[in-house]
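> no sequence on this one, just coordinates:
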């Protein structure tokens, strides 16, 4: 007769928390791995090109100063006030607080921790990129005289506001709205090899007609695309605010957007490659 130890109990608890039932099917998983690979490679290559452009003062970098001058000539008191509020909220420190609260609420309200931990990991990577790349690039900001909210003498490349906001929004959109859920059959599924079992989420759709599991979007297409449009618009507003308020060059925010796409690709790849996804695919093969 065997008895369970506290360590075994904790291991089972953690495995159950991380064994998210919202795993993708074989074809969907391969598509996500392809998306992950392409988005990371393309974004990183373009990011290095942007880096070269601003160091060599060519291509996109040639628009840095003209765009800054144009924005200075078209500043509006009302727009300035709105963008000052937005840029204050979406500062890297503010986004860390917002993402931490989001992850905490998600962990408390969900019995599966995989997705909120992915969001936390993505934000950690974004913060590491902000700190690390800024220190390596050591690029100066626009003139202090052009800054509308006081002097900022920290490094400029990439934009921390844009990278933190874009990472949070894109990863959250993927995890909450564009990630397929397994459609559980009405009958409970037996425990699978390796001790893993398929949990049933409260929001999972039961399909009794075929008794099989197939991926189904977790939101209606119209709702998902409206939310996605709002998220992309928010990212655009934050990026624009950093240019308009005089704290970043065009190449700074462009590099941040590319890094955010790369981090999204990394999240999608890790999500598709996790052990529970591979076990689900093998069990259906």
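Happy to help now that I have it. The model shown is predicted, which means the values in this text are computed figures rather than measured ones.

> elements contacting the helix or strand containing residue 234?
Assessed by DSSP states H and E, residue 234 sits inside helix 221-244. Applying 3 or more Cβ pairs under 8 Å, 6 or more residues apart in numbering; DSSP states H and E, one finds that helix 221-244 makes contact with helix 64-73, helix 77-89, helix 160-177, helix 250-273. For the C-beta atoms, the positions are set from N, CA and C on the backbone; glycine is no exception.

> The helix or strand just after the second one - contacts with which helices or strands?
Once the chain leaves helix 77-89, the next helix or strand it forms, by DSSP H and E, is helix 92-109. Using 3+ Cβ pairs under 8 Å, 6+ apart as the contact criterion, the neighbours of helix 92-109 among helices and strands are helix 114-137, helix 160-177.

> How far does helix 92-109 sit from its chain's centre?
13 Å (Cα atoms, centre = their mean, to the nearest Å).

> Could I get the buried residue list for it?
92, 95-96, 98-99, 102-103, 106-107 (16 or more other Cβ atoms under 10 Å).

> can you check stretch 232-243 too?
By neighbour count with 16+ other Cβ under 10 Å, stretch 232-243 contains the buried residues 234-235, 237-243.

> tell me the average confidence for it?
The average pLDDT for stretch 232-243 rounds to 96.

> List of residues touching it?
The contact list for stretch 232-243 (Cβ atoms under 8 Å, 6 or more residues apart in numbering) reads 67-68, 71, 83-84, 86-87, 90, 159, 161-162, 165-166, 169-170, 248-250, 252-253, 256-257, 260.

> distance between the helix holding residue 234 and the chain's centre?
13 Å.

> now the angle from it to helix 64-73?
90 degrees (axes from the mean of the first three to the mean of the last three Cα atoms, to 10 degrees).

> Residue 138 contacts residue 156, correct?
No - here residue 138 does not reach residue 156: they are 9.1 Å apart, not a contact under Cβ atoms under 8 Å.

> higher neighbour count, the two?
Applying other Cβ atoms under 10 Å to residue 138 and residue 156 shows that residue 156 carries more neighbours, namely 21 against 10.

> Excluding sequence neighbours, find me the nearest residue to that one.
Take residue 156 and drop its neighbours on the chain: the residue closest to it by Cβ to Cβ, 6 or more residues apart in numbering is residue 141, 4.2 Å away.

> Local confidence estimate at that neighbour?
Reading off the model, residue 141 has pLDDT 93.

> Could you look up the SS state of it?
Look at residue 141: counting by DSSP: H, G, I helix; E, B strand; the rest coil, its state is coil.

> and it, how many neighbours?
Residue 141: 19 neighbours (other Cβ under 10 Å).

> likewise residue 230?
12.

> just to revisit the earlier point, quick one: the helices and strands packed on helix 221-244 as TSV, columns for distance to residue 34 too.
Shown next, in TSV, are these (distance: least, Cβ to Cβ, whole Å):
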stretch	distance to residue 34
helix 64-73	34
helix 77-89	35
helix 160-177	15
helix 250-273	9
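
> how about the longest helix seen in the chain: buried residues?
Assignment by DSSP state H gives helix 26-56 as the longest helix of the chain. Of the residues in helix 26-56, 28-29, 32-33, 36, 39-40, 43, 46-47, 50-51, 53-54 count as buried by neighbour count, 16+ other Cβ under 10 Å.

> Low-confidence bits of the protein, can you list those?
1-26, 180-220, 275-285 (pLDDT under 70).

> wait, residue 33 sits on residue 269?
Yes - Residue 33 sits in contact with residue 269 when judged by Cβ under 8 Å, with a separation of 6.0 Å.

> Give me the common contacts of the two.
Common neighbours of residue 33 and residue 269 (Cβ under 8 Å, 6+ apart) do not exist.

> got a list of contacts for stretch 45-56?
Here stretch 45-56 has contacts from 59-61, 64, 137, 139, 157, 249, 251, 254-255, 258-259, 262, using Cβ under 8 Å, 6+ apart.

> among those, who's most crowded?
Going by other Cβ under 10 Å, residue 255 tops the contacts of stretch 45-56 with 31 neighbours.
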